[in-house]
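K.L.:
Have a look at this prediction, sequence included:
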Amino acid sequence: MATTKDYYSVLGVDRKASPDDIKKAFRKLAHKYHPDKGGQDEAKFKEITEAYSVLSDDKKRREYDAYGQAFPGGSGPQAGGPQGGSGGFDFSQFQQGFGQGGAEFDFGDIFGDLFTGGRGGSSRAQSRGRDISIDIELPFKDAVFGTTRKVLIAKVSACETCNGNGAKPGTELETCATCSGKGQVREVRNSILGQFASSRVCTVCEGTGKVPKEKCETCKGHGTKRREQEIQITIPSGIDHGEMIRMPQQGEAVKSGVAGDLYIKIHVKPHAVFRREDSNLVMDLPVKLTDSLLGTMVPVETLEGKVLEVKIPPMKRAEELLRVRGKGVPMGGSSRGDLIIRLETALPQKLSGKARKALEDLKSEGL
């Protein structure tokens, strides 16, 4: 006597699993093992299909739960007993049900996106153009304060003559005869498990369901044409090296659909004086030994080109930080980061006799 298969274990669900749970488990395994999706284990796919065919049918599931098997053509063991192998399930009849000599079995009702690329059966999703990306190099100052740039990009754009519908100006569109206006063509494929129904985008109307009565002479009916297009890019203040700007629907166009997006990657040139730390600007400022001991006033030119008189108090260490509020990177509105001046005492390379004597006098004072 053949060992009864545990269909619940095959699908990886509990015996109390709901019909939705069973369907979800089957969809997941079908995506993994279906031959058209790269699955190499034909026996495993047959096994999970067999389990689903029993557990998804209320009557068969009740028989399986009661007797450990389902009985085709009747109810209970008195109806003629098990037919075929596989624990009472006649898989050959199941194959015939969607294969030879009968109605085809449309897997789209169970896991439609397996064959339709995520479009869920016969529904037609709006087509979308390809995203494109470019790189822009910015001076440090432009990245901090923002700017605008105009770039010339060669890309697939909507035809200016027909406004993207592919029809000669003054003419109309008509229903595509190939797909009857559905935008998709239904196909039936033979496989080791029988016939499978699937859908693909109609190549004649490119999924729109409409074709021009007379084609546009500029784009030859495609609705798009590759050309150079000038695009103005607004660079926001405070953008950092490596960040991306997304411009919706500025990518490549597609006939009767939505254009893709344009992505701009920013490369910021280093500055000779300033560097960035979050929202702060940092600069190094060497200070003479006497100024570091006595304090002083020094002119400092900011990134925007203004000159500030900065007071340096007597330094207690050879290196100190001086903060100037509100002179850093704009943070939105009127808010800005700070300018951090890194003070560093500059030691003299040579000493005159007079300077050496003065230092010796200071040394005698304990300094």
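P.N.:
Nice, I can see it.

K.L.:
hang on, Leu11 packs against Lys23?
P.N.:
No. Using Cβ atoms under 8 Å, Leu11 makes no contact with Lys23, being 9.7 Å away. Any C-beta I mention is one placed from the backbone N, CA and C, and that applies to glycine too.

K.L.:
so what sits against both of these two?
P.N.:
Tyr52 (Cβ atoms under 8 Å, 6 or more residues apart in numbering).

K.L.:
So which residues of the chain form helices?
P.N.:
7-11, 19-33, 42-55, 58-67, 91-97, 108-111, 113-116, 140-145, 289-294, 353-364 (DSSP state H).

K.L.:
what does the last one contact?
P.N.:
Around helix 353-364, the neighbours that count as contacts under Cβ under 8 Å, 6+ apart are 348, 351.

K.L.:
Stretch 208-221 too?
P.N.:
124, 127, 159-162, 165-169, 171-177, 179, 181-183, 202, 204-205, 223, 225, 255-257.

K.L.:
Which of those fall within strands?
P.N.:
173-175, 225 (DSSP state E).

K.L.:
Out of the residues you listed, which two sit at the greatest distance?
P.N.:
Thr175 and Lys225 (24.7 Å; Cβ to Cβ).

K.L.:
who has more neighbours, these two?
P.N.:
Counting neighbours by other Cβ atoms under 10 Å for Thr175 and for Lys225 shows that Lys225 has the greater number, 18 against 13.

K.L.:
The more buried one contacts Ala154, doesn't it?
P.N.:
No. Using Cβ under 8 Å, Lys225 is not in contact with Ala154; the gap is 11.2 Å.

K.L.:
returning to what we had before: tell me which of Leu11 and Lys23 has more neighbours.
P.N.:
Neighbour totals were compared for Leu11 and Lys23, and Leu11 leads with 23 against 17 (other Cβ under 10 Å).

K.L.:
which residues does that one contact?
P.N.:
With contacts defined as Cβ under 8 Å, 6+ apart, Leu11 is in contact with 22, 25-26, 29, 48, 51-52, 55.

K.L.:
Just the buried subset of those, please.
P.N.:
22, 25-26, 29, 48, 51-52, 55 (16 or more other Cβ atoms under 10 Å).

K.L.:
Max pairwise distance over the residues you listed: which two?
P.N.:
Farthest pair in these, by Cβ to Cβ: Leu29 and Leu55, 12.5 Å.
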